[in-house]
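> Sequence and predicted structure are below.
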Amino acid sequence: MAASTNPENNNVELKPPPGLKSLIDHLVSVYPDQPNPLQVTTLLKYWLGGSDPLDYISMYSNNGQGEGDSERIPPHWHYVSFGLSDLHGDQRVHLKEEHSTRSGMGFELTFRLAKTEAELRQLRESPDKPIRPPTWPANLLQSIARYCFQTGNGLCFGDNIPWRKCLDGSTNSRMQSLLVAQDPQLGSIDTPLGTVDFCQIVGVTEEELEQASRWNGRGVLNFLAKDVLTGGDWLVTNMQRTMSVFELFPETLLNLQDDLEKQGSDLAGVNAEFTFRELKQTKTVKEEIDYQSLNERCASEENNRQLTESQVKREEPSFPQSMSLSSNSLHKSCPLDCQPQAPDCISLDGIEITLAPYAAKYLLLAIKDRIRHGRHFTFKAQHLALTLVAETVTGAAVTVSEPFGVLGYWIQVLIPNDLVSRMMEAFRNAQLDGKTEPTQRLEFDWPDKNFKLIVDQPPICVLPTAMSIEAATVN
């Protein structure tokens, strides 16, 4: 195509699209001295077939606040993503959702990395010589954004991400997992395309991640913010930090355990393999249903379901789905990707559940810190989900009179109040303390409730490519 020779067009200034302009304007107001920060830019944009959903990651130099004993915010690099929110408004990446007030996925990612002693020394000795910030945090944000795009899962303040490796790719840092906070500087903004929250990714130790999982992420973030050694007011990640907040300040662990006992846990579920079968009390003519038949049905429907373009691009996520919901309502919170429209709930006479040993450490937490506090807890397998619910949970398909049910591919088990203390005692006696994985088969049986739980490796099911389910007649 030939270039235009119209003199009016030659002087046209290209304006950024509305979503992008809103983000830029907001950042200029925060960093007026850095209108053109260094950026990591994606060469092949996502809407052109690229694999990286973030168009840009801007990198700002932040001087922090205070010095010496009065330091509250250490000098650091501030990374900000562009692409999880709707930058363009023309549906090239994000489809407009009816009645949604969010821009795109509704958030962008940020990260704050403490400057090293070498960087600070160079700034003091050569203040006019620019320093290039490390680029590995940009790769980290791109990986998290890729997960969000591939799964459709958003991030919420207080969520945790079990990264399980050094964030910077080294082998000697204890910062190997992540929590999600609200960026204290950027907060949230309204754009012409909807609202955008700035979710700050905070590097943490494995111990801090474990306590955030057992209790709640926001509480651990509050502990980290109390001292500059663990991040300070703005939760700056220091890759050289060698001790957790609980090692530096042991009293915080006692406070956490006290709050956990009083408030319960925000961990709403984990990925775990399980099987189940119905325990029948009466011989009735009804559909035979168990793990094998339900799993086969779900797999068959997934094979036959027409894939959308976004589903075709989906890959296996590199870290588990965060399930740190704290609501006691199950309304619109089905943990499954594939679920029939308006399924009928099939009531079971009783149930026997076999749970993988690696997930057994969550049983005591599920009952003591979730069900006992009127909440729910989910074990999610590849195709199915098993949710334990308390009597007070709203929106559940099961009731005290019919405590076991199958809703599509979602198995629900109501734990009555009078069973909670018995289950806690049984799990404690079996030393399911959340620290070690059982090495032998365990069986827990409550015959008066027609409920049996087995801790053992579930059998592997070979799924056929086509199958049918018929009602079984029991004589």
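Ah, there it is.
> Could you list the buried residues of stretch 18-30?
18-20, 22-23, 26-27 (16 or more other CB atoms under 10 Å). Glycine gets a C-beta too; all of them are placed from N, C-alpha and C.
> Stretch 357-373 too?
Buried residues in stretch 357-373, counted by 16+ other CB under 10 Å: 357, 359-373.
> Going by residue numbers, what spans are helices in this structure?
Here the chain has its helices, by DSSP state H, at 7-10, 18-30, 117-125, 136-151, 206-214, 217-225, 245-248, 251-263, 291-304, 309-312, 363-364, 417-429.
> so which of these comes closest to Gly49?
Among those, helix 309-312 comes nearest to Gly49, with 11.2 Å by CB to CB.
> Would you mind listing the residues in contact with the spatially closest residue to Pro162 that is not a sequence neighbour?
In this structure, Pro162 finds its nearest non-sequential neighbour in Ser177, 5.4 Å apart by CB to CB, 6 or more residues apart in numbering. Applying CB atoms under 8 Å, 6 or more residues apart in numbering to Ser177 gives the contacts 160-164, 203-206, 208-209.
> Can you tell me who the closest residue to Leu235 other than its chain neighbours pairs with across the strands?
In this structure, Leu235 finds its nearest non-sequential neighbour in Val202, 4.8 Å apart by CB to CB, 6+ apart. Beta-bridge partners recorded for Val202 (DSSP bridges): Leu179.
> residues contacting Val202?
Contacts here follow CB under 8 Å, 6+ apart; on that basis Val202 touches 112, 178-181, 221, 224, 231, 235, 237.
> what bits of the stretch 251-400 of the chain have low per-residue confidence?
Within the stretch 251-400 of the chain, the segments meeting pLDDT under 70 span 282-288, 290-292, 294-343.
> coming back round to it: just send the contacts of Ser177 back as a markdown table, with neighbour count and distance to Ile415 too.
Output for these, formatted as a markdown table (neighbours: other CB atoms under 10 Å; distance: CB to CB, whole Å):
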| residue | neighbour count | distance to Ile415 |
| --- | --- | --- |
| Asn160 | 26 | 25 |
| Ile161 | 22 | 29 |
| Pro162 | 15 | 27 |
| Trp163 | 21 | 32 |
| Arg164 | 12 | 31 |
| Gly203 | 30 | 36 |
| Val204 | 31 | 32 |
| Thr205 | 21 | 33 |
| Glu206 | 15 | 30 |
| Glu208 | 26 | 30 |
| Leu209 | 22 | 27 |
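> if we take these, which one ends up nearest to Pro134?
Lowest distance from Pro134 to those (CB to CB) belongs to Gly203, with 12.9 Å.
> thinking again about what came up before, of all the helices of the chain, which one comes closest to Thr195?
Judged by CB to CB, the one of these that comes nearest to Thr195 is helix 18-30, at 10.4 Å.
> same for that closest one, what does it pack against?
When contacts are defined as 3 or more CB pairs under 8 Å, 6 or more residues apart in numbering; DSSP states H and E, helix 18-30 packs onto strand 76-82, strand 102-114, strand 188-191.
> got TSV for those, with mean neighbour count and distance to Val420 too?
Below are these laid out as TSV (neighbours: other CB atoms under 10 Å; distance: least, CB to CB, whole Å):
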stretch	mean neighbour count	distance to Val420
strand 76-82	25	43
strand 102-114	25	36
strand 188-191	16	39
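> Could you dump those into a markdown table and include distance to Ser244?
Output for the helices and strands packed on helix 18-30, formatted as a markdown table (distance: least, CB to CB, whole Å):
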| stretch | distance to Ser244 |
| --- | --- |
| strand 76-82 | 20 |
| strand 102-114 | 16 |
| strand 188-191 | 30 |
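> To Asn271, which of these lies closest?
Closest of the helices and strands packed on helix 18-30 to Asn271 is strand 102-114, at 21.8 Å (criterion: CB to CB).
> Any idea how far that closest one is from the middle of the chain?
Chain-centre distance of strand 102-114: 14 Å, with CA atoms, centre = their mean, to the nearest Å.
> All further residue positions should be reported with the first residue as 52.
Sure, I'll start counting at 52 from here, so that last one is strand 153-165.
> what angle do it and helix 168-176 make?
Relative orientation of strand 153-165 and helix 168-176, computed by axes from the mean of the first three to the mean of the last three CA atoms, to 10 degrees: 80 degrees.
> so which of the helices of the chain gets nearest Val449?
Of all the helices of the chain, it is helix 468-480 that lies closest to Val449, at 13.4 Å by CB to CB.
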